[in-house]
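Chemist: need a 3D model of the following:
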Amino acid sequence: VMTGHWEFTYGDEEVIRNIAEFQGAFVAQNVRVREEALFDYRFEDFAGFDEDSGLAFEPYVIKEVGGIKVAVIGQAFPYTPIANPSRFIPDWTFGIEDGRMQEIVDRVREQEKPGVVVVLSHNGMDVNLKLASRVLGIDVILGGHTHDGLPAPIRVENSGGKTLVTNAG
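Modeler: Numbering: from 1, shown residues only. Below is the predicted model:
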């Protein structure tokens, strides 16, 4: 399972081709098709696109790991159009989207009933810590982007319990 960051610098057509060839799941709850692009969206036949929600990619996937049902929600790099030329991804919007994340976590917990909810994130450590404090129901955030090496996960308390946050190093 993966989410996106540098992949978006290849341009939207290459991203769609690469994901189609990927032998895994690409998830990103925070990449939406711009409203004006929905009327004539170039990738409407792409399997991950959901016209009703406007999401360009599947927001999550369910996997079974060691007999446990695991929900993996994707969080692509939220600042992609700021850090890279937006001409590479003209039809997509990005952002942290913690409100949508909460909706997806709630829906996944209710409908899928996983034993564990994992967020695979390219936010960076500081943003992941904030996300863990604001979104209830996430068990673990596996982070990247800032490459902070952590000897152990950081436990973040919120009103719904706790979230363990770690980073790829």
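Chemist: just checking, Ile104 touches Val27?
Modeler: No - if you go by Cβ atoms under 8 Å, Ile104 and Val27 don't touch, sitting 10.1 Å apart. (Glycine included, C-beta is placed from N, CA and C.)
Chemist: mutual contacts of those two, please.
Modeler: Residues within reach of Ile104 and of Val27 at once, by Cβ atoms under 8 Å, 6 or more residues apart in numbering, are 59-60, 73.
Chemist: compare the residues you listed and tell me which is most surrounded.
Modeler: Among the shared contacts of Ile104 and Val27, Ile73 has the most neighbours (other Cβ atoms under 10 Å), with 26 neighbours.
Chemist: give the next helix or strand downstream of the lowest-mean-pLDDT helix or strand in the chain.
Modeler: In the chain, no helix or strand scores lower on mean pLDDT, DSSP states H and E than helix 80-83, which sits at a mean of 92. Using DSSP states H and E, the helix or strand that follows helix 80-83 in sequence is strand 92-93.
Chemist: what is that next one packed up against?
Modeler: In terms of contacts (3 or more Cβ pairs under 8 Å, 6 or more residues apart in numbering; DSSP states H and E), strand 92-93 is packed against strand 32-33, helix 80-83.
Chemist: now the longest helix belonging to the chain: buried residues?
Modeler: For the chain, the helix that runs over the most residues, judged by DSSP state H, is helix 98-111. Judged by neighbour count (16 or more other Cβ atoms under 10 Å), helix 98-111 contains these buried residues: 98, 100-102, 104-105, 108.
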